[in-house]
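>>> Need the 3D shape of this:
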Amino acid sequence: MPREIDRRAARTRKALHQALMTLMLRKGYEALSVQDIIDEADIGRSTFYAHYTGKEDLLRSGFQMLRQELKEAQSAVRAEAEASHDDPLGFSTAMFEHAARYADHYRTMIGGRGGAVTQNEIRLILSEVVRQELSSTLHSDAIPRDFVVQFIVGAFLTTLNWWFERKPKLSPSEVDSVFRSLVLDGLSSLVGDERVPVEGPAPSRAAD
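Residues are numbered from 1 along each chain as shown. Predicted coordinates:
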């Protein structure tokens with residue numbers, strides 16, 4: 001009996017998520033109401049609230065699947081990489097591929113409240129994944145680990161938004177290459193080894 005209840009609950013959650021995704025494309029996240037979602041899913045209001053507190057809670061819960069997908073991708077990268085080639089960005093390829101599959105949904109949310117929820121959830125998930133990866137690949141304390149995590153996650157989100165807004169024709173692998181090049185190589189690969197001297201203040205001239 002408990003197993004049947006679990007299956008029924010899983011079917012209900014799946015139906016609600018599918019309704020949310022369908023309606024986001026049709027109406028946009030901001031215009032959606034819980035009533036819209038339960039009508040689309042053909043599920044009662046009390047059943048909805050037995051699982052979720054509102055549409056933001058429903059949206060957030062969908063990112064659990066993304067978290068699992070990224071962790072599996074991270075494990076695959078670890079299995080393939082040699083010990084001397086640890087990859088602190090093992091999540092990036094899978095994340096860009098996920099974004100490409102749901103590009104229309106991402107675009108409907110960016111800029112509104114749904115976008116804030118989406119980016120916050122992605123930030124939390126990536127921070128968790130990157131922090132775990134750096135625990136085995138970062139061998140220096142010269143820069144605080146938390147700052148490194150936030151730098152990588154911030155760079156990823158910036159790249160993601162740039163991709164959607166400015167370069168939508170790039171493939172996931174191409175945008176992943178751009179992201180990896182900037183994060184792993186930094187500006188040194190773009191500006192060369194020459195350093196521009198920093199000039200101090202001009203010497204004061206004596207009054208005539």
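>>> And K169, how close does it get to P144?
Here K169 is placed at a distance of 38 Å from P144 (C-beta to C-beta, to the nearest Å). Yep, even glycine has a C-beta here, placed from its N, CA and C like the rest.
>>> okay, these two: which has more neighbours?
Set K169 next to P144 and count neighbours by other C-beta atoms under 10 Å: P144 wins out with 9 against 6.
>>> Outline the domain layout of the chain.
2-55, 62-190 (automatic domain parsing).
>>> out of everything not next to it in sequence, what's closest to the residue positioned nearest the centre of the chain?
Residue closest to the average C-alpha location in the chain (C-alpha atoms, centre = their mean): I122, at 3.6 Å. Counting by C-beta to C-beta, 6 or more residues apart in numbering, I122 lies nearest to L157, which is 6.7 Å off, once chain neighbours are set aside.
>>> That neighbour: helix or strand, and which one exactly?
Element membership of L157, judged by DSSP states H and E, is helix 145-166.
>>> mind listing what's buried in that helix?
148-150, 152-153, 156, 159-160, 163-164 (16 or more other C-beta atoms under 10 Å).
>>> ok, now stretch 179-188?
Using 16+ other C-beta under 10 Å as the burial criterion, the residues of stretch 179-188 that qualify are 179, 183.
>>> Please give the centre-to-centre distance between it and its chain.
18 Å (C-alpha atoms, centre = their mean, to the nearest Å).
>>> do stretch 25-44 as well
Per C-alpha atoms, centre = their mean, the centroid offset for stretch 25-44 relative to its chain is 24 Å.
>>> List the buried residues in that stretch.
29, 32, 34, 36-38, 40-41, 43.
>>> May I see those residues arranged in CSV, with pLDDT and distance to S127 as well?
Shown next, in CSV, are those (pLDDT from 0 to 100; distance: C-beta to C-beta, whole Å):
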residue, pLDDT, distance to S127
Y29, 84, 23
L32, 90, 28
V34, 95, 29
D36, 96, 32
I37, 96, 29
I38, 96, 33
E40, 96, 33
A41, 95, 32
I43, 94, 33
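>>> Could you save the residues you listed as CSV and add columns showing secondary structure?
As requested, the buried residues of stretch 25-44 are arranged in CSV below (DSSP: H, G, I helix; E, B strand; the rest coil):
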residue, secondary structure
Y29, coil
L32, coil
V34, helix
D36, helix
I37, helix
I38, helix
E40, helix
A41, helix
I43, coil
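>>> Measure how buried the closest residue to S61 other than its chain neighbours is and give me the count.
Excluding its sequence neighbours, the residue lying closest to S61 (C-beta to C-beta, 6+ apart) is Y52, at 6.7 Å. Look at Y52: counted by other C-beta under 10 Å, it has 20 neighbours.
>>> wait, isn't the residue nearest to I122 in contact with Q119?
Yes. Between L157 and Q119 there is a contact at 6.1 Å, judged by C-beta atoms under 8 Å.
>>> mean pLDDT for the domains of the chain: which is lowest?
Ranked by mean pLDDT, these bottom out at domain 62-190, with a mean of 79.
>>> one step back: what's the closest of the buried residues of helix 145-166 to L20?
Looking at these and their distance to L20, the nearest is F164, at 19.7 Å (C-beta to C-beta).
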